[in-house]
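1. structure for this input, please:
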Amino acid sequence: MSELSETAGLIQPVFMLQPYDKVRGLSGAPPRAHGLTVFTTAVFAVGEMAGSGVLALPRALVATGWIGVVINIVCALASAYTGLLLGKCWLMVQGRYEEYKTNTRYPYPAIGFVTYGKVGRTIVSCSINLTLFGVSVVFLLLASENLQQLVKDAGKDISFCIWLLIAAAALCPTSWLGTPKDFWPIAVGATVATSIACIIIIANIAVDAENAPPTFHPDIDVKDFFMAFGTICFAFGGHPGFPTFQADMKEPQKFGKAIFLAYFILLLMYLPVAIAGYSVYGINADDNILLNLSGGPMQYIVEILITLHLFFGFVIVINPVCQEMEELVGIPTHFTFKRIISRTLIMVVVLFIAESIPHFGAILSLIGGSTTTLLAYILPPVFYLKLCSMEGDWEQQTPSLAQKVACFEIMLVGLVAGVASTYAAVDALATSSFSTPCYIDFHKAAM
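-> The predicted structure follows:
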């Protein structure tokens with residue numbers, strides 16, 4: 001306990017972790033009058049993950065073949081299980097230590113600190129911020145690409161780089177919202193928009209299938225396979241936001257139900273679109289499946305719906321990054337001009353990265369294979385087993401043999417596949433030719 005009472009650096013001045021009594025040792029925070037329900041929590045999780053996954057998975061199947069369908073299902077089940085473990089970790093931390101009983105803006109890093117001190121907290125914080133920041137960049141890129149295509153179809157061709165500026169300006173005020181419980185309608189809107197879009201995408205693919213040429217499915221290449229694995233991990237890796245959603249629940253003890261509901265909904269969205277896109281377009285499936293759809297009303301509606309999801313999803317994924325940055329510099333939780341300034345600056349950095357690397361395919365694989373794999377498949381089992389082994393004045397938890405085996409299997413597979421997919425993504429980034437950064441094009445145009 002001596003390490004846990006030392007100075008905790010910038011995140012919080014002093015951690016004084018006093019244990020609760022044994023009776024309440026694992027109960028977590030008591031139910032609240034206001035907060036997210038099981039359904040709205042599941043909707044938040046879907047809203048965080050669904051947008052880019054729906055668009056990218058058909059291309060991922062091109063690299064994995066039909067075995068990719070099995071990989072999707074296994075990743076969903078493993079992610080749901082580790083999400084459940086992460087929820088149990090947070091309940092144990094809240095039940096054991098007084099200061100975590102109240103609202104905490106950084107629950108996942110707090111779990112890392114309780115289990116492995118400053119090192120654990122730093123690893124989690126850096127991984128979350130890199131992951132969600134990268135996802136925010138991807139969402140901005142995709143939304144801008146969709147807006148450009150929509151307006152181009154209407155007869156007006158505006159530069160993609162200009163659309164990045166427009167989208168960032170439109171999203172900036174929404175990033176000023178507080179915590180998930182303050183903007184749950186946004187999560188509902190994101191999920192509803194994507195659900196309808198998936199149905200229309202499948203219908204559009206079915207129409208395209210009538211006149212599509214014979215489909216060619218290439219042989220599996222090892223590097224492409226592991227890059228696709230990173231994309232699949234990315235599609236199911238919502239763990240950076242899970243503890244934040246759980247901390248805003250009316251009944252945090254029911255988080256496990258919310259997570260399994262979320263992944264069930266995700267599979268209902270992902271698999272039909274991925275299978276249909278792979279079957280009809282084959283090797284021609286694009287990183288963004290919308291670019292394969294034939295023109296017409298259905299394509300326009302889908303582009304609008306997916307763009308709405310990306311706008312809504314951006315608010316969800318950037319929020320934990322903003323909250324932790326504000327905790328680091330001491331910005332209060334209530335709305336102030338300091339929040340406006342800090343979150344606007346974060347938006348400027350997101351825009352700069354998007355303008356610098358206006359291509360998202362390799363970014364998905366890199367994030368999915370590295371930080372997403374770490375946060376989704378390695379750290380939750382590690383933290384859960386560590387918390388169960390810790391002794392103190394609380395109710396002791398002893399995982400079963402089956403739980404231990406499941407944890408070690410998920411960690412091993414996640415580690416091996418994560419390293420391989422990260423290497424493949426880095427190699428692809430190093431050998432590919434990037435688009436010219438937007439600000440260089442702006443400079444040339446000005447001259």
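2. only C-alpha atoms for contact and neighbour calcs from this point on.
-> Noted.
3. tell me which stretches of the stretch 301-447 of the chain form helices.
-> For the stretch 301-447 of the chain, the helices defined by DSSP state H, counting those that start in this stretch cover 337-356, 361-367, 373, 379-389, 401-431, 438-446.
4. against which helices or strands is the shortest one packed?
-> The contact analysis (3 or more CA pairs under 8 Å, 6 or more residues apart in numbering; DSSP states H and E) places helix 373 against helix 401-431.
5. report all helices and strands that the helix it packs on contacts.
-> So helix 401-431, by 3+ CA pairs under 8 Å, 6+ apart, packs with helix 222-236, helix 361-367, helix 373, helix 379-389.
6. quick one: that helix to helix 379-389, angle?
-> Put simply, helix 401-431 runs at 150 degrees to helix 379-389, going by axes from the mean of the first three to the mean of the last three CA atoms, to 10 degrees.
7. ok, back up a step: lowest-confidence stretch among the helices of the stretch 301-447 of the chain?
-> Of all these, mean pLDDT reaches its minimum on helix 438-446 (a mean of 57).
8. circling back to that earlier point, winner for burial among the helices and strands packed on helix 401-431?
-> helix 373 (a mean of 29; mean count of other CA atoms under 10 Å).
9. quick one: distance of that one to the chain centre.
-> Centroid separation for helix 373 versus its chain: 11 Å, with CA atoms, centre = their mean, to the nearest Å.
10. show me the contact partners of it.
-> For helix 373, contacts defined as CA atoms under 8 Å, 6 or more residues apart in numbering pick out 233-234, 237, 414-415, 418.
11. can you list those residues in TSV and add distance to Phe383?
-> Formatted as TSV, those follow (distance: CA to CA, whole Å):
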residue	distance to Phe383
Cys233	20
Phe234	21
Gly237	17
Gly414	15
Leu415	15
Gly418	18
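12. sketch out the low-pLDDT regions of the stretch 101-250 of the chain for me.
-> Scanning the stretch 101-250 of the chain for pLDDT under 70 picks out 103-105, 180-183.
13. what ranges do the helices span in it?
-> With DSSP H, counting those that start in this stretch as the criterion, the stretch 101-250 of the chain has helices at 107-153, 160-171, 184-211, 222-236, 242-247.
14. what's the first helix or strand after the shortest one?
-> I take that to be helix 242-247. Using DSSP states H and E, the helix or strand that follows helix 242-247 in sequence is helix 255-281.
15. does anything pack onto that next one? Which helices or strands?
-> Using 3+ CA pairs under 8 Å, 6+ apart, helix 255-281 is in contact with helix 38-64, helix 67-96, helix 184-211.
16. returning to that earlier point: closest to Ile67 out of the helices of the stretch 101-250 of the chain?
-> helix 222-236 (10.4 Å; CA to CA).
17. now distance to Leu77 too, for the helices and strands packed on helix 401-431, in JSON lines please.
-> Shown next, in JSON lines, are those (distance: least, CA to CA, whole Å):
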{"stretch": "helix 222-236", "distance to Leu77": "10"}
{"stretch": "helix 361-367", "distance to Leu77": "20"}
{"stretch": "helix 373", "distance to Leu77": "14"}
{"stretch": "helix 379-389", "distance to Leu77": "14"}
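18. now do the same contact list for the residue nearest the centre of the chain.
-> Most central in the chain under CA atoms, centre = their mean is Gly238, positioned 3.9 Å from the mean C-alpha point. Going by CA under 8 Å, 6+ apart, Gly238 touches 45, 48-49, 376.
19. ok, of those residues, which one's closest to Tyr81?
-> Ala376 (9.7 Å).
20. surely that closest one meets His239?
-> Yes - at 5.6 Å, Ala376 and His239 qualify as touching, with contact defined as CA atoms under 8 Å.
21. overlap in contacts, the two.
-> Joint contacts of Ala376 and His239 (CA under 8 Å, 6+ apart) are Gly83.
22. out of the helices and strands packed on helix 255-281, flag the one nearest Gln396.
-> Of all these, helix 67-96 sits nearest to Gln396, with 10.0 Å by CA to CA.
23. which secondary structure elements does that closest one sit against?
-> So helix 67-96, by 3+ CA pairs under 8 Å, 6+ apart, packs with helix 38-64, helix 107-153, helix 222-236, helix 242-247, helix 255-281, helix 379-389.
24. how about it: buried residues?
-> Residues 68-69, 71-73, 75-96 are the ones in helix 67-96 that count as buried (16 or more other CA atoms under 10 Å).
25. pLDDT at the residue nearest to Leu57 when sequence neighbours are not counted, what is it?
-> Spatial nearest neighbour of Leu57, chain neighbours left out: Ala274 (5.4 Å); criterion: CA to CA, 6 or more residues apart in numbering. Reported pLDDT at Ala274 in the predicted model: 92.
26. for the one 10 residues further on, same thing?
-> pLDDT for Asn284: 85.
27. and the closest residue to Ile316 other than its chain neighbours, how close does it get to Phe337?
-> Nearest residue to Ile316, sequence neighbours excluded (CA to CA, 6+ apart): Glu48, at 6.1 Å. According to CA to CA, to the nearest Å, Glu48 stands 27 Å off from Phe337.
28. what of Ile199?
-> Applying CA to CA to Ile199 and Phe337 gives a distance of 42 Å.
29. looking at the two, which is more packed in?
-> Using other CA atoms under 10 Å, the more surrounded residue of Ile199 and Phe337 is Ile199, with 14 against 10.
30. quick one: contacts for the more buried one?
-> Per CA under 8 Å, 6+ apart, neighbours of Ile199: none.
31. now do the contacts for the nearest residue to Ser342 once chain neighbours are set aside.
-> Of all residues beyond its chain neighbours, the one nearest Ser342 is Glu326 (7.3 Å), with distances taken as CA to CA, 6+ apart. Listed by CA under 8 Å, 6+ apart, the contact set of Glu326 reads 332, 339, 342.
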